[in-house]
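Participant: Predicted model, plus sequence, below.
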Amino acid sequence: AQKITQTQPGMFVQEKEAVTLDCTYDTSDQSYGLFWYKQPSSGEMIFLIYQGSYDEQNATEGRYSLNFQKARKSANLVISASQLGDSAMYFCAMREGVGGSNYKLTFGKGTLLTVNP
Amino acid sequence: EAQVTQNPRYLITVTGKKLTVTCSQNMNHEYMSWYRQDPGLGLRQIYYSMNVEVTDKGDVPEGYKVSRKEKRNFPLILESPSPNQTSLYFCASSRGLAADTQYFGPGTRLTVL
């Protein structure tokens, strides 16, 4: 079973509108972290936002917020007021456990977001 | 500026010709890792290192070697590259804490003919 599922291969949004990118995860660990990265066409991986499993508040970073629903095991990324520069591939990732020796990130397959003018 | 650097950014080589992709970070991070990204497969971890002289295999280590002689550097070595190692490679680093963000290098696009 996939540990990170991103069900939307592609999404379109109009400039200045908000968009939600879906991410569900599967883990039996009590302690884990959830990340979102942006990969523009130039290829680099840009960190956007982080949510810890014990964080009670949803994480926010500027125009990015993470809608964390622990019982549903979902960690959706919300981008408010979309800009043309937001057009990119977006990856949800999870790091399981705490105190382990490998902080490996497990990535979803990504969602390609296109912002239309 | 805090960053992870990789060199080269692009490389075309032939089967069997040994190559090294360098990775360096200036953030004094303990943890470093290599991933490869392939269409339809996403990013998969190759090797990781918790600190100097401490390395271990990730999910897809076959055909790769790493070393961690200095804290800032974590080179990826392909002793005898094959076409199935054609991929986009990323180096990442973070502090030695589980909650810490991993920062990625700009990527190295490798083609093995």
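Facilitator: Received the coordinates, thanks.

Participant: Just give me how far the longest strand along chain B sits from the chain centre.
Facilitator: Longest strand in chain B, counting residues (DSSP state E): strand B:42-51. With CA atoms, centre = their mean, to the nearest Å as the basis, strand B:42-51 stands 7 Å off its chain's centre.

Participant: what do you get for stretch B:90-109?
Facilitator: Averaging C-alpha positions (CA atoms, centre = their mean) puts stretch B:90-109 10 Å from its chain's average.

Participant: distance of A:S41 from B:T108?
Facilitator: 17 Å (CB to CB, to the nearest Å). Just so you know, the C-beta spots here come from the backbone N, C-alpha and C atoms, and that holds for glycine as well.

Participant: now B:P83
Facilitator: In this structure, B:P83 and B:T108 are 16 Å apart, going by CB to CB.

Participant: and residue 73, how many residues sit next to it?
Facilitator: Unless you meant another one, I'm taking chain A. For A:K73, the count of nearby residues is 15 (other CB atoms under 10 Å in any protein chain shown).

Participant: ah, no, chain B please
Facilitator: 15.

Participant: Please name the nearest non-neighbouring residue to the most centrally placed residue in chain B.
Facilitator: Centroid-nearest residue in chain B: B:W34, 3.1 Å away (criterion: CA atoms, centre = their mean). Of all residues not flanking B:W34 in the chain, B:I46 sits nearest, at 4.3 Å (CB to CB, 6 or more residues apart in numbering or on different chains).

Participant: Now that we're looking at that neighbour, what pLDDT does it have?
Facilitator: What the model reports as pLDDT for B:I46 is 96.

Participant: before we move on, the earlier item: would you mind writing the CA trace of the longest strand of chain B as PDB?
Facilitator: In PDB, the C-alpha atoms belonging to strand B:42-51 read as follows (Å, rounded to 0.1, in the frame of the first residue of the first chain):
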ATOM      1  CA  GLY B  42       8.600   9.600  -7.500                       C
ATOM      2  CA  LEU B  43      11.600  10.200  -5.300                       C
ATOM      3  CA  ARG B  44      13.300   7.200  -3.700                       C
ATOM      4  CA  GLN B  45      16.100   7.300  -1.200                       C
ATOM      5  CA  ILE B  46      19.500   5.800  -2.200                       C
ATOM      6  CA  TYR B  47      21.700   6.300   0.800                       C
ATOM      7  CA  TYR B  48      21.800   8.400   3.900                       C
ATOM      8  CA  SER B  49      24.300   9.500   6.600                       C
ATOM      9  CA  MET B  50      23.600  10.400  10.100                       C
ATOM     10  CA  ASN B  51      27.100  11.900  10.700                       C
END
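
Participant: before we move on, back to that, from what I can see the residue nearest to B:W34 touches B:D38, true?
Facilitator: No - if you go by CB atoms under 8 Å, B:I46 and B:D38 don't touch, sitting 11.7 Å apart.
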